[in-house]
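Enquirer: Just need the structure, nothing else, for what follows:
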Amino acid sequence: MPSVSTIWRILKREGLIVPQPQKKPRCALIRFQAELPNEMWQTDITHWQLASGEHVEILNMIDDHSRLFLASQAHTTVKAHDVVEVFHKTTSLHGLPASLLSDNGAVFTAAYRKGKVLFETELERLGIAFKNSRPYHPQTCGKIERLHQTLKRYLARQKPARTLRELQTQLDAFAHYYNTMRPHRALNGRTPLQAYSARVKARPASQPSPATHFRVRQDKVDQNGKVTIRYHSRLHHIGIGRAHKGRPIKLLIADRNIRIIDPETGELIRALTLDPTRDYQPQQHA
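Expert: Take a look at the predicted model:
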């Protein structure tokens with residue numbers, strides 16, 4: 001009997017079949033794994049349903065080298081500023097990654113719209129290389145896609161969560177079990193935490209100042225079109241415009257770099273570098 005590959009080559013040569021690359025066998029896939037912890041993180045959003053039937057979203061992050069489950073945060077809907085906030089909470093525990101991989105979700109990238117979202121500008125500011133998978137090619141983010149499946153199998157065995165808080169408790173319990181107790185076949189039976197702790201951590205190619213401090217604050221524009229922040233025990237007033245008076249806003253503050261956004265849409269209202277010598281930061285006009 002001739003081999004299957006021989007039959008396939010003959011049929012192809014005679015024009016009797018049309019190659020379909022998307023149906024390649026698993027053995028044809030090239031497996032990639034980062035050499036060091038924090039060399040590359042993967043992030044993605046998956047969906048879940050509460051006991052009431054309400055659909056919610058879960059933002060997950062994983063280390064490519066060790067499979068360490070870095071973050072899992074439940075939201076009604078994940079918005080652009082949620083991604084930045086969860087990312088910074090994660091880096092405060094594990095340090096900055098050298099690169100980060102995501103799909104082309106609107107909260108991660110606007111490259112296909114020839115623009116940038118908050119997450120992209122934040123990674124750029126921190127010197128972190130940002131990579132995106134090809135459209136309709138989930139294999140590129142295969143590790144986190146596989147993690148979604150494992151997580152959902154665990155959640156399906158739990159009592160259905162009635163609220164986001166209950167769901168978050170289940171996510172935290174799973175992350176602890178996954179990282180510290182569950183042996184991983186791809187890690188030769190080690191846990192992700194053991195694999196993550198075993199080697200030196202990679203860093204961004206251009207390391208930002210270690211003094212960078214990031215915080216998020218909810219506020220509202222006052223009647224004069226301003227918002228006030230404190231920097232080194234001194235109050236500073238930032239001009240936004242009377243047209244925005246009474247508008248709820250969210251401030252993303254990284255040392256003196258400040259971005260003011262709409263908390264619902266993620267729209268950037270104003271970005272500035274605070275001048276600590278001035279009490280009032282005037283609006284910038286073209």
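Enquirer: Would you mind measuring from the closest residue to residue 175 other than its chain neighbours to residue 90?
Expert: In space, not counting the residues next to it along the chain, residue 175 is nearest to residue 69; the distance is 4.6 Å by C-beta to C-beta, 6 or more residues apart in numbering. Yep, even glycine has a C-beta here, placed from its N, CA and C like the rest. Residue 69 sits 10 Å away from residue 90, going by C-beta to C-beta, to the nearest Å.
Enquirer: Over to residue 266?
Expert: According to C-beta to C-beta, residue 266 and residue 90 sit 19 Å apart.
Enquirer: re earlier: number of residues surrounding the residue nearest to residue 175?
Expert: 25 (other C-beta atoms under 10 Å).
Enquirer: Look up which residues are beta-bridged to it.
Expert: With DSSP bridges as the criterion, residue 69 is bridged to residue 62.
Enquirer: Which strands or helices does the helix or strand containing residue 125 pack on?
Expert: For residue 125, the host element (DSSP states H and E) is helix 118-126. Packing partners of helix 118-126 (3 or more C-beta pairs under 8 Å, 6 or more residues apart in numbering; DSSP states H and E): helix 80-94, strand 129-132, strand 248-254, strand 257-261.
Enquirer: and the ones you listed as JSON lines, adding mean neighbour count and distance to residue 4?
Expert: What follows is the helices and strands packed on helix 118-126, written out as JSON lines (neighbours: other C-beta atoms under 10 Å; distance: least, C-beta to C-beta, whole Å):
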{"stretch": "helix 80-94", "mean neighbour count": "19", "distance to residue 4": "45"}
{"stretch": "strand 129-132", "mean neighbour count": "16", "distance to residue 4": "35"}
{"stretch": "strand 248-254", "mean neighbour count": "18", "distance to residue 4": "56"}
{"stretch": "strand 257-261", "mean neighbour count": "20", "distance to residue 4": "56"}
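Enquirer: Indicate which one of the ones you listed is closest to residue 118.
Expert: Counting by C-beta to C-beta, residue 118 lies closest to helix 80-94 out of those; the figure is 4.6 Å.
Enquirer: How far off centre is the closest one?
Expert: Its chain's C-alpha centre and that of helix 80-94 lie 8 Å apart, by C-alpha atoms, centre = their mean, to the nearest Å.
Enquirer: Equivalent analysis for stretch 276-286, please.
Expert: Relative to the centre of its chain, stretch 276-286 is centred 32 Å away, using C-alpha atoms, centre = their mean.
Enquirer: Pull out the buried positions in it.
Expert: Across stretch 276-286, burial judged by 16 or more other C-beta atoms under 10 Å covers residue 281.
Enquirer: circling back to that earlier point, please render the helices and strands packed on helix 118-126 as CSV that adds distance to residue 165 to the earlier fields.
Expert: Shown next, in CSV, are those (distance: least, C-beta to C-beta, whole Å):
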stretch, distance to residue 165
helix 80-94, 16
strand 129-132, 32
strand 248-254, 21
strand 257-261, 25
